[in-house]
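Enquirer: quick one: sequence and predicted model below, then my questions.
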Amino acid sequence: MPDKGQDSGQIQLTAILKGLICSFIILIITSIILGFLFSMINVLSEDLINRILLAINYAAIFIGGIYTAREASCKGWLNGGLMGFCYMFIIMILGVQLVGIGLNLEVLLRIMSGFLAGAVGGVIGVNLK
């Protein structure tokens, strides 16, 4: 029976969890900084602010994918992609509970985009080791 260690080539749940934590820390820090900046600059439209925040989410997923793959040291695309999927799934669940957004095609596309951003980060991260 193969060892379920770091080099088993499987999904690494610990690495995914660490990547999620890393991504959420990045999101929180950048959101606080941008919130402060946006309060000082009242010129930006709400639509532009939403686009900037969405870009920050994907950047956090990308960086979290890199971190996840470095921790997993195998199957970077899969581990990073699953981290991105879980990240966006959590964000969308919070959106449903707190804001009342509905489940539609746009939400599903964002979740899949989260998987892709994490997978790309994972491909890069696994090759950085």
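Expert: Okay, I see it.

Enquirer: packing partners of the strand or helix carrying Phe36?
Expert: Applying DSSP states H and E as the criterion places Phe36 in helix 13-40. The contact analysis (3 or more CB pairs under 8 Å, 6 or more residues apart in numbering; DSSP states H and E) places helix 13-40 against helix 46-72, helix 76-98. C-betas here are computed from N, CA, C, even on glycine.

Enquirer: quick one: which of these is nearest Gly122?
Expert: helix 76-98 (2.0 Å; CB to CB).

Enquirer: in the closest one, which residues are buried?
Expert: 76-88, 91-92, 95 (16 or more other CB atoms under 10 Å).

Enquirer: quick one on the thing from earlier: now do the helix holding Phe36 and helix 46-72, the angle between them.
Expert: Here helix 13-40 runs at an angle of 150 degrees relative to helix 46-72 (axes from the mean of the first three to the mean of the last three CA atoms, to 10 degrees).

Enquirer: orientation of helix 13-40 relative to helix 76-98 in degrees?
Expert: Using the same axes, to 10 degrees, the direction of helix 13-40 lies 50 degrees away from that of helix 76-98.

Enquirer: renumber starting at 44 from here on
Expert: Got it, first residue is 44 now, which makes that one helix 56-83.

Enquirer: Thr111 versus Met135, what's the distance?
Expert: 19 Å (CB to CB, to the nearest Å).

Enquirer: re the thing from before, and the helices and strands packed on helix 56-83 as a markdown table, adding mean pLDDT and distance to Gly164?
Expert: Listed next are these as a markdown table, based on pLDDT from 0 to 100; distance: least, CB to CB, whole Å:
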| stretch | mean pLDDT | distance to Gly164 |
| --- | --- | --- |
| helix 89-115 | 93 | 3 |
| helix 119-141 | 92 | 5 |
